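> predicted coordinates and the sequence they were generated for:
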Amino acid sequence: MQFLMVIATLTGFASGMVAVLLKTLVHFIQQGIENIPVTRFAYLLFPAIGLLITVFIVKRFFNGHIEKGIAMVLKAIARKSSFIPLKHSYVHIITSSITVGLGGSVGLEAPIVATGSAVGSNIARVTDFNYQERTLLIACGAAAGISAVFNAPIAGVIFAIEVLLAETVVSYFIPLIISSVVGALCSKIILQEASLFNFVLKQTFNYENVPFYILLGILAGFVSLYYAKTFKTVEEKLHKGKQNPYSKAMLSGAMLMVIYFIFPPLFGEGYKSIKLVANGNFSYFADNTSLFSLLNENWALVAFTAFIVLLKPIAAAITIGGGGNGGNFAPSLFTGAYMGFFFSKLINNIPIIKIPEGNFSLVGMAGVLSGVMYCPLTAIFLIAEITNGYELFIPLMIVSSISFFIVKSYEPYSMETKELALEGQIFTHKKERNILTSIILGDILQENYESIQPDKKLKDLIELIKRSEKNIFAVVDSKQRFVGIIELNDIKQKLFQPDNYDTISIKSLMKKPAAILNTGQDMHTVMEKFDVTHSWYLPVLDENKMFTGFISKTKLFNKYREILASQGDLYEEN
């Protein structure tokens, strides 16, 4: 345990420094863009340049594809024994810094989580930790990354527990806290105060505004559903397009150029715009098209922020679909801030009603983050920490919980994990399913089974039985394709009829199995077939219908019990 605490500290330091490096790189790139002596709208070209460079790097150095974000981490925990390839400790730093630094409308948090998790996994690999400890260090790396980005150590711990660890024991908290605190210290010591994401509340919580916070929570839930649906639709259309990756990047860059020209706040991460809105200082915007000048100043601001809320998921999807690297953490905060501002501005147009626009923007951030990322506790503590207090704790809890309740009523899984969860590729909060998900079919496949061809005779089978300890045999044709099975219990009487040894064919003795398994099937399906058929052995075939071996229910149960027994408290003696 003492050694684990030391390694958790190192993991927190390494992940914290990576987060600081990534934020610093993006800051320098953005500073460089601002200092280039070019025309007013030349900055609109940079997002396309960023996408083209990112696509080039991925194609040239990473075989044209990299797994991204939180989904990659969750899949590694569930399906790859918490082993994350070493390349993930640097590829996201390079690609996301270019994408976001040059104006991609996504955030750095998902790349930081992926990088921090990879750091934790590879440190665990060097120290020869077991699966449980590797998983914990992955969570430590992610917690430190989130903590460093926002200077929010509690939110970092809660994020790791809520998003990455489907099951948590009390002893996990100490290493997570250590890593998160070290990560926060890295950013607090190295980064300038202006680079950190924090606010000062100008108005305290007023219980009379609770009805409006309830309405904001309902709005946040449906905006979150809109965000997820719109993002996935746009991103998939771009991602699955048949055009050349460079053409796709240029097309996406052109679309971003148009969106940024009309709505400049959508450029980049948008944290500067969020600070403006959440501090209640957003009273003017650049109307490059003069369209909003047709309305009076107040309603123009309401209409402008409404379009910002609707277009942010589209801009984020175009960035990711066009080949960029980033995540939805920052975009969901951005959308929530503008949604809260829009809502409060709209309500304030009603005579005799006045609600704090800054507070509603901050609470709106928590509502949309909770609904998009499925992390209500993280959202609550994150906003509480970046506002340097717990003054807004009650409205944060109201809005985040209502938003989360609404989205869970429509979609059981977040947009980033839905496909993997339905395929059984990641852990959920169902313990039995998680254990089955962690079992790989190949690990329990028994391959040393004899096979026999259907044109052979009973005497050939008897010779096979003599040299085998098994009581079930596969029947394959001349091309080694599976055709059936023979069980000793079915032919027991015929074994004592020597006169029929040369006359009874294998074909007449074989039978179809109760079910057939394929090498790519998940263990949930395997277990279901065992339950339905009441069989103790089922044959496994590859994609060419070739016999590869049998799965034994006994071996599956033993593996299940072995994993269950290993999930104990870290302080327990082995």
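Cool, the structure landed. Residues are numbered from 1 along each chain as shown.
> break the chain down into its structural domains.
Listed by automatic domain parsing, the domain ranges of the chain are 2-195, 207-423, 439-566.
> ok, which of those comes nearest Leu201?
Closest to Leu201 of the domains of the chain is domain 207-423 (CB to CB; 5.5 Å). In this view, the C-beta of every residue, glycine as well, is placed from N, C-alpha and C.
> all helices for the stretch 1-150 of the chain, in order.
2-35, 46-61, 69-79, 91-101, 109-126, 131-150 (DSSP state H, counting those that start in this stretch).
> where exactly do the helices run in the stretch 201-350 of the chain?
Counting by DSSP H, counting those that start in this stretch, the helices of the stretch 201-350 of the chain are 210-239, 245-262, 271-278, 297-321, 329-347.
> winner for burial among those helices?
helix 329-347 (a mean of 27; mean count of other CB atoms under 10 Å).
> for that one, what is the distance to the chain centroid?
23 Å (CA atoms, centre = their mean, to the nearest Å).
> helix or strand next in line after it, which one?
On the C-terminal side of helix 329-347, the nearest following helix or strand under DSSP states H and E is helix 357-373.
> in terms of mean pLDDT, which of the domains of the chain ranks lowest?
When the domains of the chain are ranked by mean pLDDT, domain 439-566 comes last with a mean of 81.
> in a markdown table: the domains of the chain, plus distance to Leu201.
Compiled in a markdown table, the domains of the chain are given as follows (distance: least, CB to CB, whole Å):
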| stretch | distance to Leu201 |
| --- | --- |
| domain 2-195 | 16 |
| domain 207-423 | 5 |
| domain 439-566 | 46 |
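> for the residue sitting furthest away from the middle of the chain, helix, strand, or coil?
Relative to the centre of the chain, the most outlying C-alpha is that of Asp499, 65.3 Å out, by CA atoms, centre = their mean. Under the three-state scheme (DSSP: H, G, I helix; E, B strand; the rest coil), Asp499 adopts helix.
> relative to Ile138, how far out is it?
66 Å (CB to CB, to the nearest Å).
> same check on Lys345?
Going from Lys345 to Ile138 by CB to CB gives 42 Å.
> export stretch 87-103 as CSV, just CAs?
Output in CSV follows, covering the C-alpha atoms of stretch 87-103 (Å, rounded to 0.1, in the frame of the first residue of the first chain):
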residue,chain,number,x,y,z
LYS,A,87,1.5,6.2,-27.8
HIS,A,88,-1.6,7.5,-26.1
SER,A,89,0.7,9.3,-23.6
TYR,A,90,1.8,11.7,-26.3
VAL,A,91,-0.4,11.4,-29.4
HIS,A,92,-3.3,13.4,-27.8
ILE,A,93,-1.0,16.1,-26.7
ILE,A,94,0.2,16.7,-30.2
THR,A,95,-3.0,16.4,-32.1
SER,A,96,-5.4,18.1,-29.7
SER,A,97,-3.0,21.1,-29.1
ILE,A,98,-3.0,21.7,-32.9
THR,A,99,-6.7,21.2,-33.3
VAL,A,100,-7.8,23.4,-30.4
GLY,A,101,-4.9,25.9,-30.6
LEU,A,102,-5.8,26.7,-34.2
GLY,A,103,-9.5,27.2,-33.5
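> what sits against Ile402?
With contact set as CB atoms under 8 Å, 6 or more residues apart in numbering, Ile402 has these partners: 214, 217-218, 220-221, 367.
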